[in-house]
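Asks: Using only what follows, build the 3D model:
(one chain, ligands or ions: 2)
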Amino acid sequence: MTASKPAFKERVFSGVQPTGNLHLGNYLGAITKFVALQDRYDCIYCVVDLHAITVWQDPKELPRAIREVTAAFLACGIDPKKNIVFNQSQVAEHAELAWVFNCVARLGWLNRMTQFKEKSGKDRENASVGLYAYPNLMAADILVYRATHVPVGEDQKQHVELARDIAQKFNNDYAESIAAHGFGPAFFPLPEPLIQGPATRVMSLRDGQSKMSKSDASDQSRINLTDDADAIAHKIRRAKTDPEPLPDNEKALDARPEADNLVGIYAALAGVSKADVLNEFAGAQFSVFKPKLADLLIAKLSPITAEMRRLKDDFTYIDSVLADGSARAQVLAAETMKAVKDIVGFVRR
Ligand code: ATP
Ligand code: MG
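Replies: Ligands and ions are numbered 1, 2, ... in the order given. So this is what the prediction gives:
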């Protein structure tokens, strides 16, 4: 650690893509954490629609998805007055700073990103340039607000670390100019990933080795926040498991990813530890455990689902939240971009 660390105002930024159906992983790994942070920090929560189009999105579907993620934020308890809630494409500075970062980040850094490898799959030559440069835009999302804390699921850790590397390289490359313009020893903070608490990586219900995702082709792989009670019960009943009863200790779950995932989901929803869940269910068959898990899921999710349904068709309200949030976000982002232009040496009005 450096001795003289510049002080940055503490600020939280995070985003969710409008790429399909929001699921339990987004809820437990991200949105519940967003809700908890709003009491302690200034928070900016973004529907990252520019990220969404890194893979094809039907223009007839995208507005619905943007409004649905917004409705989910609100239904889960994010206060849009106290925090900033908006969609990324309404604040052009994200894309503007991303270009500067395209010129700061190195090809070698992006080549190490596992999300690109996973999402581009075998047909890499045919992936969009945007999918490759995605982490640079994500760095811009965070740093255009000079945010210090980024709550994300485990899968996004590598991208937040890349944002730190970009911030560090910008601060180093432009150190003289940053100081000359009165910004002291560093212009950007090094944002910290907040990957804490339970369920930082909820796994697919069909395969305990891959994460639950919006973009998984199988709807059976995930619990959607819009699923009704019957769908939840059906998906949990069909969730992949092994034939053994639940063990009496956590260590025994290491070799049983599907069992570990279901126990982890139960623990996160009930607000207890996995050890507590095993204390209660040690020796039980899945035929006993699964209905209990389904009941708990339904109890926790159904009020949220109902509120999302109510909100998401109220376009006037949702769009006004996004418009108000975008206007407030833009004030902050424009201030950063002006400084970045001065630091880089662009002539501006
Ligand atoms: P996509 O498949 O389109 O990438 P996604 O399900 O990964 O969708 P994102 O919008 O990319 O969702 O991620 C939103 C937030 O949810 C991020 O903070 C991400 O880390 C978190 N997240 C996504 N999937 C999971 C999961 N399975 N468990 C925990 N957190 C998750
Ligand atoms: Mg993702």
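
Asks: can you pull out the strands in the stretch 51-200 of the chain?
Replies: Ranges of strands within the stretch 51-200 of the chain are 84-87, 149-151, 192-194, based on DSSP state E, counting those that start in this stretch.

Asks: how distant is the last one from the center of its chain?
Replies: Right, the one you point to is strand 192-194. Remark: strand 192-194 is offset 12 Å from the chain centroid, using Cα atoms, centre = their mean, to the nearest Å.

Asks: So which other helices or strands are in contact with the following helix or strand past it?
Replies: Using DSSP states H and E, the helix or strand that follows strand 192-194 in sequence is helix 229-238. On a contact count with 3 or more Cβ pairs under 8 Å, 6 or more residues apart in numbering; DSSP states H and E, helix 229-238 meets helix 286-312. Where C-beta positions appear, they are placed from N, C-alpha and C, glycine not excepted.

Asks: Assign Ala255 to helix, strand or coil.
Replies: coil (DSSP: H, G, I helix; E, B strand; the rest coil).

Asks: That one - how many residues pack around it?
Replies: Neighbours of Ala255 under the rule other Cβ atoms under 10 Å: 9.

Asks: Which residues of the stretch 51-200 of the chain lie near ligand 1?
Replies: By Cβ under 6 Å from any ligand atom, the residues of the stretch 51-200 of the chain that approach ligand 1 are 152-153, 155-156, 200.

Asks: Could you point out which of these is nearest to Asp230?
Replies: Gly153 (27.4 Å; Cβ to Cβ).

Asks: Confirm for me that that closest one is in contact with Thr200.
Replies: Yes - shown here, Gly153 and Thr200 form a contact pair, counting by Cβ atoms under 8 Å, at 5.6 Å.

Asks: Find the residues that touch each one of those two.
Replies: Listed as contacting both Gly153 and Thr200 by Cβ atoms under 8 Å, 6 or more residues apart in numbering are Gly29.

Asks: Kindly provide the distance from Lys214 to Ala306.
Replies: 21 Å (Cβ to Cβ, to the nearest Å).

Asks: before we move on, what about Lys312?
Replies: Distance of Lys312 to Ala306, given as Cβ to Cβ: 11 Å.

Asks: and these two? which has more neighbours close in?
Replies: Lys312 (20 against 12).

Asks: can you pull the contacts of the more buried one?
Replies: Contacts of Lys312 (Cβ under 8 Å, 6+ apart): 64, 67-68, 70-71, 318.

Asks: Leaving out chain neighbours, which residue sits closest to it?
Replies: In space, and not counting its chain neighbours, Lys312 is closest to Ala71: 3.9 Å by Cβ to Cβ, 6 or more residues apart in numbering.

Asks: I figured that neighbour was touching Val321, is that so?
Replies: No - contact criterion Cβ under 8 Å: Ala71 and Val321 do not qualify, at 9.4 Å.
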